[in-house]
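# I'd like to go over a predicted model; first the sequence, then the structure.
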Amino acid sequence: MAKVIMVQGTASNAGKSVLVAALCRIFKQDGYKVAPFKSQNMALNSFITKDGLEMGRAQAMQAQACDIEPDVRMNPILLKPTSDCGSQVILNGKATGNQTAKEYFSNKSTLKPFIKQTFDSLASDFDIIVIEGAGSPAEINLKQDDIVNMGMAKLANAPVLLVGDIDRGGVFASLYGTVKLLDKDEQDRICGLVINKFRGDPEILSSGLEMLENLTEKSVLGVVPYMQIDIDDEDSLSSRLDNKNRVDLINIAVIKLPHISNFTDFDPLSRINGVGLNYVQRPDQFVNADLIIIPGTKSTIDDLRWIRENGLEAQILKSHAKGTPIFGICGGYQMMGQHISDPENTECGGEIAGIGLLPTKTVFLKNKTTLQVTGEILDIDGIFSSLTGKNTVGYEIHMGETTLLNHARPFQRLKRDKNEILDGAFYNNAYGTYLHGIFDNSEITGSILNALAKKKNISIENDYINLEQYKQIQYDKLADLVRNSLDIDKIYSVMEDFSCRKQKD
């Protein structure tokens with residue numbers, strides 16, 4: 001069985017996912033066969049594996065840091081919030097239905113054998129497993145039947161690195177408080193503390209670190225500087241979603257929906273010089289947008305109501321009437337149609353009129369489509385006519401089926417295994433598709449940006465990068481920074497020590 005190390009945090013967004021990715025890359029560089037694992041993830045940003053199974057995007061990113069194919073065993077439970085008190089539950093990559101928080105927690109203890117079996121299966125194939133916790137292990141109201149923090153550490157007999165975010169302030173109190181709220185046997189699993197996201201001279205921290213070590217009786221294994229590393233993020237707290245009011249040669253407004261999903265679709269656009277990408281929540285934040293994108297969402301009907309109630313729908317229609325193209329992905333594509341209905345309560349039930357930019361209607365069904373696909377854009381017109389004939393690669397992840405009406409024409413032809421289907425629609429400079437990842441293709445983004453630039457009588461540099469090479473460079477930068485910040489030898493030592501203990505037991 002693999003040796004194990006676990007990363008837990010004092011709070012959400014403490015940097016656990018990125019630190020796990022860094023350790024994965026370091027161990028991979030050192031010649032080990034390594035994989036990530038997170039027993040239970042809650043996120044709307046997900047990934048579809050080659051065999052059509054759904055998992056948390058963070059674990060897919062961490063698998064890429066290991067230079068291996070994402071495997072659904074790395075994230076056996078994924079919760080996708082559909083409301084403030086309920087989520088769609090995905091087990092082993094397949095949706096099993098929606099549950100309220102109360103329903104899920106009442107059955108959570110029964111999932112431990114399933115988690116243990118999945119973890120053991122993964123661990124039998126690798127030398128090292130790097131486990132990620134969730135939130136904080138010190139949520140004392142949730143500790144009973146825990147399956148993702150100290151409960152998972154016990155299942156895997158894992159030593160724990162406890163990470164605190166100094167950028168938010170209060171890192172000494174959060175680390176001390178977390179340690180002291182844990183039971184004695186849980187405290188004994190903590191092999192070291194990590195200060196994350198530090199800006200400035202680490203010498204300033206030296207006296208505080210010494211006092212923290214004395215108070216917690218735990219060693220500080222390192223101080224990790226604030227990182228400007230560009231890797232996929234799945235957290236809705238991501239700073240990527242902050243509206244920076246950035247104005248550039250080409251300006252793109254992405255609607256920041258309350259239940260926005262797979263916002264990493266738009267990361268390739270943000271990496272291009274001359275493009276200002278902003279996530280907007282109010283009509284006054286559009287900043288003369290040259291393109292408006294309506295992204296995916298886990299709650300299409302609720303988020304469409306939100307767009308309507310806060311004036312964004314009126315602004316979208318006003319901008320479109322003045323010639324601004326609108327592009328919808330998945331749930332955004334559904335919203336752009338004439339009508340949406342949910343007869344089987346797949347989301348929240350009911351029906352609603354769409355924004356009306358596309359002659360389409362959508363009906364939600366119980367079955368979920370989760371596939372990696374390839375395709376070819378059909379003969380389209382309007383501002384993005386140069387997309388005609390270009391190849392596409394991405395994935396589908398949706399529960400709705402959309403029908404074209406009247407004058408709508410399909411956007412592309414997709415290959416699902418051996419079958420071909422028509423996907424999306426376009427009409428009067430409004431474009432929609434179910435395909436996530438479409439902007440990862442530099443030919444697609446190049447054509448779109450060149451068309452927008454031509455409309456403004458300007459030019460934009462074609463400095464598009466190879467996405468795979470770019471990611472590998474980012475993982476190596478991350479690994480170098482963390483290797484130089486943490487006591488990696490100590491981490492190897494505690495993994496070996498816990499592994500020996502397990503063999504004796």
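Sure thing, it's come through. Numbering: from 1, shown residues only.
# how near is Lys16 to Ser46?
With distances taken as CB to CB, to the nearest Å, Lys16 is found 18 Å from Ser46. For every residue, glycine as well, the C-beta is placed using N, CA and C.
# please disregard the earlier target; I meant Asp423.
The value you get for Asp423 to Ser46, if CB to CB is used, is 19 Å.
# tell me which of the two has more neighbours.
Ser46 (26 against 23; other CB atoms under 10 Å).
# what sits against the more buried one?
Residues counted as contacts of Ser46 (CB atoms under 8 Å, 6 or more residues apart in numbering) are 54-57, 78, 80, 90, 234, 261-262, 397.
# mind redoing it with 7 Å?
Counting by CB atoms under 7 Å, 6 or more residues apart in numbering, Ser46 touches 54-57, 78, 80, 262, 397.
# same check on Thr324?
By CB under 7 Å, 6+ apart, the neighbours of Thr324 are 289-292.
# look up phi and psi at it.
Main-chain dihedrals, Thr324, degrees, to the nearest 10: phi -80, psi 120.
# where in the stretch 51-200 of the chain is pLDDT low?
Scanning the stretch 51-200 of the chain with the threshold set as pLDDT under 70 gives 83-85.
# what helices and strands are in contact with the biggest strand by length in the chain?
Under DSSP state E, the strand in the chain containing the largest number of residues is strand 360-377. The helices and strands touching strand 360-377, judged by 3 or more CB pairs under 7 Å, 6 or more residues apart in numbering; DSSP states H and E, are strand 46-48, strand 339-342, strand 391-404, strand 412-416.
# can you give me the buried ones in it?
Using 16 or more other CB atoms under 10 Å as the test for burial, strand 360-377 gives 360-364, 368-373, 375, 377.
# that one to strand 412-416, inter-axis angle?
Strand 360-377 and strand 412-416 meet at an angle of 80 degrees, taking axes from the mean of the first three to the mean of the last three CA atoms, to 10 degrees as the criterion.
# which SSE is the closest residue to Ser219 other than its chain neighbours in?
Leaving aside its chain neighbours, Ser219 sits nearest to Gly192 (5.1 Å; criterion: CB to CB, 6 or more residues apart in numbering). Following DSSP states H and E, one finds Gly192 within strand 190-198.
# elements contacting that strand?
Under the contact criterion of 3+ CB pairs under 7 Å, 6+ apart, strand 190-198 touches strand 160-165, helix 171-181, strand 220-225.
# pLDDT wise, what is Ser499 at?
Ser499 is assigned 79 on the pLDDT scale.
# strands of the stretch 151-300 of the chain, start to end?
160-165, 190-198, 220-225, 250-255, 260-261, 275-280, 291-294, 296-297 (DSSP state E, counting those that start in this stretch).
# so which of those comes closest to Asp476?
Asp476 lies closest to strand 220-225 among these, at 16.0 Å (CB to CB).
# what's that closest one packed up against?
Using 3+ CB pairs under 7 Å, 6+ apart: strand 220-225 touches strand 190-198, helix 206-216.
# just the ones you listed: most buried one?
Greatest average neighbour count among the helices and strands packed on strand 220-225 goes to strand 190-198 (a mean of 23), per mean count of other CB atoms under 10 Å.
# which residues are in contact with that one?
Strand 190-198 has contacts (CB under 7 Å, 6+ apart) with 14-15, 19, 159-167, 171, 175, 179, 205, 212, 216, 218-226, 486, 490, 494.
# by how many degrees do it and strand 220-225 diverge?
20 degrees.
# what strands line up against strand 190-198, and which way round?
Strand pairing for strand 190-198, determined by DSSP bridges: strand 160-165 (parallel), strand 220-225 (parallel).
# output those as TSV; include the columns mean neighbour count and distance to Glu443.
TSV is the format used below for the strands paired with strand 190-198 (neighbours: other CB atoms under 10 Å; distance: least, CB to CB, whole Å):
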stretch	mean neighbour count	distance to Glu443
strand 160-165	26	39
strand 220-225	20	37
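# next, format those strands as CSV and append distance to Asp127.
Output for the strands paired with strand 190-198, formatted as CSV (distance: least, CB to CB, whole Å):
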stretch, distance to Asp127
strand 160-165, 18
strand 220-225, 21
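# out of these, which comes closest to Asn345?
For the strands paired with strand 190-198, distance to Asn345 was read as CB to CB. The smallest value, 38.7 Å, belongs to strand 160-165.
# now the closest one, how far from the centre of its chain.
Remark: strand 160-165 is offset 21 Å from the chain centroid, using CA atoms, centre = their mean, to the nearest Å.
# what's the angle from that strand to helix 171-181?
Going by the same axes, to 10 degrees, strand 160-165 is angled at 150 degrees with respect to helix 171-181.
# and the contacts of strand 160-165?
So strand 160-165 is contacted by 5-11, 13-16, 19, 153, 171, 174-175, 178-179, 189-197, 221 (CB under 7 Å, 6+ apart).
# report the angle between it and helix 206-216.
Using the same axes, to 10 degrees: strand 160-165 against helix 206-216 is 140 degrees.
# which segments of the protein make up each domain?
The chain breaks down by automatic domain parsing into domains covering 3-231+470-504, 250-455.
# any chance of those domains in a markdown table, with distance to Glu461 too?
A markdown table is the format used below for the domains of the chain (distance: least, CB to CB, whole Å):
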| stretch | distance to Glu461 |
| --- | --- |
| domain 3-231+470-504 | 16 |
| domain 250-455 | 6 |
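# quick one: which of the strands paired with strand 190-198 is nearest Gly356?
Judging the strands paired with strand 190-198 by CB to CB, what sits closest to Gly356 is strand 160-165, at 43.8 Å.
# what about Tyr389, distance to Met1?
Tyr isn't right for residue 389; it's Gly. Using CB to CB, Gly389 is found at 51 Å from Met1.
# looking at the two, which one has more neighbours?
Counted by other CB under 10 Å, Gly389 and Met1 do not tie: Met1 has more neighbours, with 15 against 10.
# what about the spatially closest residue to that one that is not a sequence neighbour, neighbour count?
Closest residue in space to Met1, ignoring its immediate chain neighbours: Ala123 at 4.9 Å, by CB to CB, 6+ apart. Residue neighbour count, defined by other CB under 10 Å, stands at 19 for Ala123.
# ranges for the strands of the stretch 1-150 of the chain?
Under DSSP E, counting those that start in this stretch, the stretch 1-150 of the chain gives strands at 3-9, 34-37, 40-42, 46-48, 54-56, 77-81, 86-91, 94-100, 128-132.
# so Ile131 sits against Met150, correct?
No. Shown here, Ile131 and Met150 do not form a contact pair, counting by CB atoms under 7 Å, at 11.3 Å.
# sorry, back to before: export the helices and strands packed on strand 190-198 to JSON lines and tack on distance to Leu405?
Output for the helices and strands packed on strand 190-198, formatted as JSON lines (distance: least, CB to CB, whole Å):
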{"stretch": "strand 160-165", "distance to Leu405": "49"}
{"stretch": "helix 171-181", "distance to Leu405": "54"}
{"stretch": "strand 220-225", "distance to Leu405": "54"}
